[in-house]
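1. Pasted the sequence and its predicted model underneath.
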Amino acid sequence: MQHVRFTSTDFAQVPSTLTADDPEHLLHAGVLVGTEDDQAFSAERKHAVRMVDLPSRTLSMTVGGLNPGQTTRRHRHNYETIIYVVAGSGFSSIEGRDVQWKAGDAFYVPTWAWHQHTNSSETTAAQYIACENAPMLQNLGIALREEG
C-alpha cells in the first residue's frame, strides 16, 4: 500500500468539504478463528493475539488471551492502550505498579510505560480486548515498540 505524503507546500490542497469514506469492508467475521498472520504475531508475542481487520486509520483492536499462569513479555510502546478484560483474572505490572484485574474490568497502559500482563489463575484462561492508537502513529511514521 502506498501512502500519500503531504508537506507544508500542500496546505492549499486541504478541501473545504468532506466526502464520506466508503471502505471495502465494514465487518471482520470470525475474529477468534485467526489467520496465519495472527499465528506469526502470537508466536512473536508469546501469547495468543487475534488482530481485528477493519479499515480504521487511527485505532486498532486485538483480542488477546493468556493461558493459566502465563505472562507476556515485558515491553513498551509510544501508543496508548485501553484493555477490557472479557474473561479470567490476573494483574499487569505497569511501570512497577501492579494493577489487579478480572472479567468486566478495564485498565489503561500509558505511553512508553514498561508493562507485562499475567494470568494469575492456575485453571482459567484470560481473554481481553485491547484498543490502541497505534495505526495513527504508524501513519505518521512515529510508532515505536521495544521489548524488554
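-> It's in. In this text, all values refer to a predicted model and were calculated from it rather than measured experimentally.
2. Break down the chain into its helices, ranges please.
-> 36-45, 134-140 (DSSP state H).
3. now the last one, how far from the centre of its chain.
-> On the basis of Cα atoms, centre = their mean, to the nearest Å, the separation between the geometric centre of helix 134-140 and that of its chain is 12 Å.
4. With just CA atoms, put that helix into CSV.
-> The C-alpha coordinates for helix 134-140 follow below in CSV (Å, rounded to 0.1, in the frame of the first residue of the first chain):
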residue,chain,number,x,y,z
ALA,A,134,-1.0,2.6,17.0
PRO,A,135,-2.4,3.0,13.4
MET,A,136,-2.5,6.8,13.9
LEU,A,137,1.2,6.8,14.9
GLN,A,138,2.1,4.3,12.3
ASN,A,139,0.5,6.5,9.6
LEU,A,140,2.5,9.4,11.0
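5. And the contacts of it?
-> 3, 56, 57, 58, 59, 60, 77, 78, 79, 143, 144 (Cβ atoms under 8 Å, 6 or more residues apart in numbering). In short, each C-beta sits where N, CA and C put it, glycine included.
6. tell me the average confidence for that helix?
-> When pLDDT is averaged along helix 134-140, the result is 95.
7. tell me which residues in that helix are buried?
-> Within helix 134-140, the residues scored as buried using 16 or more other Cβ atoms under 10 Å are 134, 135, 136, 137.
8. Repeat that for the first one.
-> By neighbour count with 16+ other Cβ under 10 Å, helix 36-45 contains the buried residues 38, 41, 42.
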